[in-house]
Structure formats: C-alpha cells, structure tokens
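In: From the sequence below, what's the structure:
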Amino acid sequence: MHLIPLYLHLTLLTLGNAFLLTLVAVYLNAQGAPAAQIGLVGSAFYLGMLGASFFADKFIERLGHVRALVFCCIALALAALALSWTSLLPVWLVLRVLAGMAAAIGFVAVESWVLGVAPLHQRTRSMARYMLVYYFSYGISQLFIDWVPLSGMMGFWLASSFCILSVVPLWWAKQPDLNSEAESNGASGKPPRAERALGLVGCLVAGMLLGTLSALMPIQLEQLALGEEIGLYMAWLILCGMAFQLPNGSLADKLGKRTMMAVQTLMIGAGCLLLWEFDGKGVMLLAFALLGAGGFTLYPTTMAYACGKMNGRALVKMTQKLMFTYSIGSLTGPVIAGMMLEKYRSGLFLFVILLVAGWALWLLLMRLLTDKPVGTTI
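Out: Coordinates of the predicted model:
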C-alpha cells in the first residue's frame, strides 16, 4: 500500500513522457522533416539517458528519492513545453538530451525504491508490478496520438501537464530509508561478481531486444506484407508482455531467477522460429505471445537477480549500472538489427535468434562457472 503514491506518480509521468516520445517523431514527420533528422532527435533522448547513468546515484543520494523525482518531473515538463517555443534543430537536440537525463534519473530512483523496500524473497514480484504499471501507462499514452491534433502545440502542452501532475502523488509518498530496510531484511551485501555480471549482460540483451522490437518490428511486418495488421500485432505483443509480468514474478521468486531466465530465452527463441517458418495468423499470434511474454519480462528478472541482497547506496549504484547497460543495448540493438533487416527478408527474426542464442550460451557458461560441487568431508 505504501507504494501506491509512487505507482500513481509513475503512471502520470509515463503518460506524459511516453506520449512525448512518439509525439516528437510524428510531429516532425508531419512538418516534413527528413528521416535522418527525426532519428537524430530520437537518439538524443537515449543519449541523455546514457549520460545520466554516470551520475544518477550521486544525484539521488544528495537530494533523496522524492526530491530527485520532483526535480525530474519539473525538468521533463519544462523540456516538453520548450519544444513548442522553437523549431531550431540544435535546441531540440539539447532539450531531448536534457529530457533523457531527467528520465534516466527518474527510472533509477523509482527502480531502486521499489527494489529497496521489497522483501528479498519478493523482489522479482515487486519489479513485475512496477513493469506492469509502466507498460500499461505506456500503452494508454499511445492512444493520445489519435486524439490530439498534430498541427498545433496542444500535444506538447498535454505531455507537459502530465509531467507536472505526476508531482502531486509524491506529496503522499514516504521517503524510503533503504539503509533501515537493509537492517530489517538482515542483509545488505553484494552478490558474487559472476551473478552481477550475469545480470548486467541480461540487461544489455534486454535493451537490445526491446529497442529492436519497438523500433523495427513494424518495418519487419511491412516487409512480410502485414502492413494493415501492424497495430494488431504490436498491441498483442505488449499485451502478452503485460499479462506475463505477475506470473513471471511469482515463478521467479519460487523457482529461481536463473530458471526463469532460461524459460524466457526458450520462449523468445521459439517465438522467433515460429515467425521465421510459418505465416498463418494463429501461429503468428502464438509466436507474438511467446515473444512478448519472454522479451518483456527479461529486464525485471535480470535486474532483480543482479541486485541480489543489495540495499542503500549500493542498490542505487547497481540500478544505475543496469540502466547504463540497458541504454547501451537500446542504442546498439536497432542499429545491428537494421543492417540485418536490409540484407534479409526476415532479418529481425534472425537477429533476435542469434541474440538469444548468445545469451543462452552465456547463461550456460555462468552456470558451469558458478555451480561448483560442494564436495564431501570425512
């Protein structure tokens, strides 16, 4: 119950920020901007996220979680509003970089908060609830594109309004004391280096996967002559990702996070193989269900695994590192997949299969290195 104000804040902030992400691209396209310029402006946001991942922990430590989130909300609102004051490309680039920095700090603050106050045996479940709220808000925000006129500045004002309104629930949010949570949980140490490495690589793979699916799946569907059903398949992909969040969280806490990582890998690989080999609607819906359920739950599972029993400053710092690797994946994944999509008709599916195959080998290697026999004593 004590996280309800935080989830309300996340809902309102995501409605504004996620809507703005799509609005910027659609607005520039409607204004006749070249595709290269649109891509440059879009990349500026993720560049800002990448840059903020170097100092987010110190920023949050100095201000506290609540004040840091208030600062991020105001920064995002002003950056959205300022986009309506000018059309100069350099100014837009700077504003999107600043917005990306604010968003990254917000993500680190919220995720470390959620993980820090959760019991150690329920961290994956808590991350699942967080991701469910985020994806639900993200999906709803995309509906505003059809409702808001794109010729004027109303969309930017609406996005700014949501960001400002997201400050209100924080008045009822209690500042988390993650150090006291560490004492009550009875643990605050780092997990072994191999486990942290596995989690970091998992977040990198999740970033590459989700960045590719968001940016290039519509293009892949168009190449497969499914242009009229893009909305249906993308909505089904996200819906299945949302639906599997809570079951995944419960299973990961009961069966083990590495077990669920293996299951997610199999689901993603099986989904892409089905999409590569078959073209029937029923099979495609099943394939997208597997791809969405496995792909959208990989990030929270690997993140909870990498954080182990961390609390306090160590937890915030680890969350920052995970955000950094996820941002790297989000930037590089679409670039590599895009080159493969140009060469092969089903290049995106081939990229995902190769990606999860490499991830599966890494999982197997980590299992062989970390699961050492205990031995016997006489």
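In: What segments of the stretch 51-200 of the chain are helices?
Out: For the stretch 51-200 of the chain, the helices defined by DSSP state H, counting those that start in this stretch cover 56-63, 65-82, 89-117, 123-141, 144-147, 154-165, 178-185, 193-223.
In: Take these and write them to TSV, including mean neighbour count.
Out: Just so you know, the C-beta spots here come from the backbone N, C-alpha and C atoms, and that holds for glycine as well. Conversion of those to TSV gives the following (neighbours: other C-beta atoms under 10 Å):
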stretch	mean neighbour count
helix 56-63	18
helix 65-82	22
helix 89-117	23
helix 123-141	21
helix 144-147	12
helix 154-165	21
helix 178-185	16
helix 193-223	21
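In: Can you say which of the ones you listed is nearest to Thr22?
Out: Closest approach to Thr22 among these (C-beta to C-beta): helix 144-147, 5.8 Å.
In: from the chain's centre, how far out does stretch 58-65 sit?
Out: 22 Å (C-alpha atoms, centre = their mean, to the nearest Å).
In: what sits up against that stretch?
Out: Ala68, Phe71, Ile105, Val108, Ala109, Ser112, Trp113, Gln175, Pro176, Arg313, Val316 (C-beta atoms under 8 Å, 6 or more residues apart in numbering).
In: Is it correct that the first one is in contact with Ile105?
Out: Yes - in this structure, Ala68 sits in contact with Ile105. The criterion is C-beta atoms under 8 Å, and the distance is 6.0 Å.
In: circling back to that earlier point, out of the helices of the stretch 51-200 of the chain, flag the one nearest Ala262.
Out: Here helix 193-223 is closest among the helices of the stretch 51-200 of the chain (C-beta to C-beta), at 11.5 Å.
In: how about Leu3, phi and psi?
Out: Leu3 adopts backbone torsions of phi -100, psi 0, taken as degrees, to the nearest 10.
In: In contact with it, which residues are there?
Out: Per C-beta under 8 Å, 6+ apart, neighbours of Leu3: Trp113, Val114, Val117.
In: any idea which of those is least confident?
Out: Among those, Val117 carries the lowest pLDDT, at 83.
In: That one reaches His2, doesn't it?
Out: Yes - counting by C-beta under 8 Å, His2 is a contact partner of Val117 at 7.3 Å.
In: Pretty sure Asn80 sits against Ala99.
Out: I think there's a mix-up here, since residue 80 is Ala and not Asn. Yes - between Ala80 and Ala99 there is a contact under C-beta under 8 Å: 7.3 Å.
In: Overlap of the contact sets of those two?
Out: Common neighbours of Ala80 and Ala99 (C-beta under 8 Å, 6+ apart) are Leu20.
In: Spatially, which pair of the contacts of stretch 58-65 is furthest apart? Let me know, please.
Out: That would be Phe71 and Arg313, which, of those, are the farthest apart (C-beta to C-beta) at 18.9 Å.
In: Quick one: mean pLDDT for the helix or strand in which Thr297 is found?
Out: Secondary structure assignment for Thr297, by DSSP states H and E: helix 281-307. Helix 281-307 shows a mean pLDDT of 92 in the predicted model.
In: same thing with stretch 135-145?
Out: According to the model, stretch 135-145 has a mean pLDDT of 83.
In: Can you give the contact residues for it?
Out: With C-beta under 8 Å, 6+ apart, stretch 135-145 has contacts from 10-12, 14-16, 18-19, 22-23, 26, 155, 158, 235, 238-239, 241-242, 245, 296.
In: Check the gap between the closest residue to Leu298 other than its chain neighbours and Gly329 for me.
Out: In space, Leu298 comes closest to Ala206 once its chain neighbours are excluded; the distance is 4.5 Å by C-beta to C-beta, 6 or more residues apart in numbering. Separation of Ala206 from Gly329 (C-beta to C-beta, to the nearest Å): 7 Å.
In: low-scoring stretches of this protein, by residue?
Out: 1, 35, 150-151, 177-191, 227-228, 370-378 (pLDDT under 70).
In: how does the chain divide up, domain by domain?
Out: 4-171, 193-370 (automatic domain parsing).
In: What's the end-to-end length of the first one?
Out: Which is domain 4-171. End-to-end distance for domain 4-171: 12 Å, by C-alpha to C-alpha, to the nearest Å.
In: Would you mind measuring from Pro218 to Ala243?
Out: 21 Å.
In: Equivalent analysis for Lys317, please.
Out: Going from Lys317 to Ala243 by C-beta to C-beta gives 33 Å.
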